[in-house]
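Visitor: can't give you the sequence, but here's the structure:
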DNA sequence: CGGAATCCTAACCGATACTG
DNA sequence: CAGTATCGGTTAGGATTCCG
């Protein structure tokens, strides 16, 4: 009995939220957040889109749509919904005519932004490096 | 003329590698790296998979395949190829019988790992928070 | 304005079989 | 062992139309 319990504990401690495991819930969460639109929306709502507002901002649906070029309204809505569901953004409806909807980061969303931001910046900062490596690779084929 | 040059300069400075722009090359790079397999492979090759090897490791194809549960050999190969092309990992073939192939992070890959790791850890660390928010959201529908 | 609903196709991706 | 090649299903995701 004691041996079984100990073994169980070890297994649990080892496996608790390990994204390397296919069945782990954190794997699904990783799937969700490693998405281009998620990263860009996070960055937008954190204020990275403005000149340098330096701080989280509240943005309307149409503002997001304009800032994040190329996103279809379907994907934008879909992504925002899942982010809202996961507690990463808030959705505020103001009953003007026509209606006004604002999105903003929650604290949880802000914490994700902190690392998502790195991804976007890395892409921008190392674009030239990657291009060079890519050209070199393609050269000898 | 001077006015035009100044305007051009401002535009270039503002737009140089801005992932918010659909046409920007860094957007495509962002698409590539915000991928579950990329994140997991980076973490694996950085040594996050081992107990705590604390440091980049070299791994064989089959080792990666075993560590990253659920990845199909097609996706693993495909992802590794693109990572190699982009200069993020090296592929070393040792002509034993049967052949041995090792993968390892480059310096560039290591720099990406530094931020990709955050994504995986965030997913693991905040799984419970997200679950709670998700349940709360689903409750009132 | 901020969506929801529908349709449709391109790609992703897994499963399988075969190879050096 | 470390792949390549092919096929087929699923789905992401765009375009369009309509609604409160």
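Guide: Looks like it arrived, so ask away. Only a predicted model underlies this, so the values are computations on that prediction, with no experimental measurement involved.
Visitor: now the angle from the biggest helix by length in chain A to helix B:107-125?
Guide: The residue-count maximum for a helix in chain A (DSSP state H) belongs to helix A:107-125. With axes from the mean of the first three to the mean of the last three Cα atoms, to 10 degrees defining the directions, helix A:107-125 sits at 170 degrees from helix B:107-125.
Visitor: Kindly provide the whole-number mean pLDDT of helix A:107-125.
Guide: For helix A:107-125, mean pLDDT is 94.
Visitor: swap in stretch A:65-80?
Guide: 93.
Visitor: First-to-last residue distance for it?
Guide: Distance between the two ends of stretch A:65-80: 11 Å, counting by Cα to Cα, to the nearest Å.
Visitor: Check the secondary structure at residue A:97 for me.
Guide: When classified by DSSP: H, G, I helix; E, B strand; the rest coil, residue A:97 comes out as coil.
Visitor: make that residue A:48, sorry
Guide: coil.
Visitor: So it is in contact with residue A:117, correct?
Guide: Yes. Applying Cβ atoms under 8 Å, one finds residue A:48 in contact with residue A:117, separated by 6.7 Å. From N, CA and C alone the C-beta is placed, and that goes for glycine too.
Visitor: Which of the two has more residues huddled nearby?
Guide: residue A:48 (23 against 17; other Cβ atoms under 10 Å in any protein chain shown).
Visitor: Per-residue pLDDT of that one, please?
Guide: At residue A:48, pLDDT is 91.
Visitor: which residues does it contact?
Guide: Residues in contact with residue A:48 (Cβ atoms under 8 Å, 6 or more residues apart in numbering or on different chains) are A:117, A:120.
Visitor: how near is it to residue B:67?
Guide: From residue A:48 over to residue B:67 the distance is 34 Å, taken as Cβ to Cβ, to the nearest Å.
Visitor: Please spell out which residues along the longest helix of chain A are buried.
Guide: Using 16 or more other Cβ atoms under 10 Å in any protein chain shown as the burial criterion, the residues of helix A:107-125 that qualify are A:108-109, A:111-113, A:115-124.
Visitor: filter these by proximity to chain B?
Guide: Counting by Cβ under 8 Å from any Cβ of the partner chain, A:108, A:111, A:112, A:115, A:116, A:118, A:119, A:120, A:122, A:123, A:124 from the buried residues of helix A:107-125 sit close to chain B.
Visitor: would you turn the residues you listed into TSV with distance to residue B:99?
Guide: Output for those, formatted as TSV (distance: Cβ to Cβ, whole Å):
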residue	distance to residue B:99
A:108	47
A:111	44
A:112	41
A:115	38
A:116	39
A:118	36
A:119	34
A:120	38
A:122	33
A:123	34
A:124	38
